Structure formats: C-alpha cells, structure tokens
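Novice: Model the structure of this input:
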Amino acid sequence: MNIKPLADHILIEPIKKEEKSQAGILLPETTEKERPEEGRVIEVGPGRKNSSGKIIPLDIKKGDLVIFSKYGPTEIKIKGKEYLIAKEDDILAIIGK
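Specialist: Modelled structure (predicted):
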C-alpha cells in the first residue's frame, strides 16, 4: 500500500468482531452492526509540529492494536477494502503494549 498519512494522522484497518446474540447465535453480516472501535495501525504520519516548528513524533507505531473513538475517524476505501484515518487524539488506548 502506498499511502502515507500526514502530520498526526493514522491509517487503521478496523477489526470486525463476530456478533453473537445472547443465546450464542452468530448474527449474519447483513444485520445492522455498530462501527468497530478496535483496529490495527497500518501507517502513521511523522507527527505534529509544535509552535517552534519542531515535529513531535506519535506514541502510536505501525502494527499497534488500538481502541479508538467510535465516530472520530474518517472512513475510506482503498481497492475495495475499508480503512479509517484518525488523528492521534482519536486513539483512546493501545492494546497489549
């Protein structure tokens, strides 16, 4: 993939979990589902600039598993696959670090 996010933006591949009913029945993909809140970081930007122009690197690295705010990131499609672009502020936590 040849996408490089700018500034403090992060490209995320959302992780879709299997949905089960309370009785343990797997729900099909056609049912209305909420937007995922977990994903794997594919690419990160260089960081944001401070007031003196120095770049502050991101705490998030390529390959991190992250939890992000549900409606903060922007949805995009690349070659038919869905991705999200989020700002570093939209990332709530890094899982398993």
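Novice: for the chain, what spans make up the strands?
Specialist: Remark: strands assigned in the chain by DSSP state E are 9-14, 38-44, 48-49, 55-56, 65-68, 74-78, 81-87, 91-95.
Novice: so of those, which one's packed in deepest?
Specialist: Compared across the strands of the chain, strand 9-14 shows the largest average neighbour count, a mean of 21 (mean count of other C-beta atoms under 10 Å). Bear in mind the C-beta positions are built from the backbone N, C-alpha and C, glycine included.
Novice: ok, the residue nearest the centre of the chain - contacts?
Specialist: Compute the mean C-alpha point of the chain, and by C-alpha atoms, centre = their mean the closest residue is Ile12, 3.4 Å away. Remark: with contacts taken as C-beta atoms under 8 Å, 6 or more residues apart in numbering, Ile12 is in contact with 39-42, 66, 68, 73, 83-86.
Novice: Check it and give its pLDDT.
Specialist: Looking at Ile12, its pLDDT is 96.
Novice: if I look at the closest residue to it other than its chain neighbours, how far off is Ser52?
Specialist: Once flanking residues are discounted, Ile12 sits nearest to Gly39: 4.0 Å by C-beta to C-beta, 6 or more residues apart in numbering. As defined by C-beta to C-beta, to the nearest Å, Gly39 lies at a distance of 33 Å from Ser52.
Novice: Next: Ile67.
Specialist: For Ile67, the distance to Ser52 equals 32 Å [C-beta to C-beta].
Novice: Just to check, Tyr83 is in contact with Thr74?
Specialist: No. Checked against C-beta atoms under 8 Å, the pair Tyr83 and Thr74 is beyond contact range at 9.4 Å.
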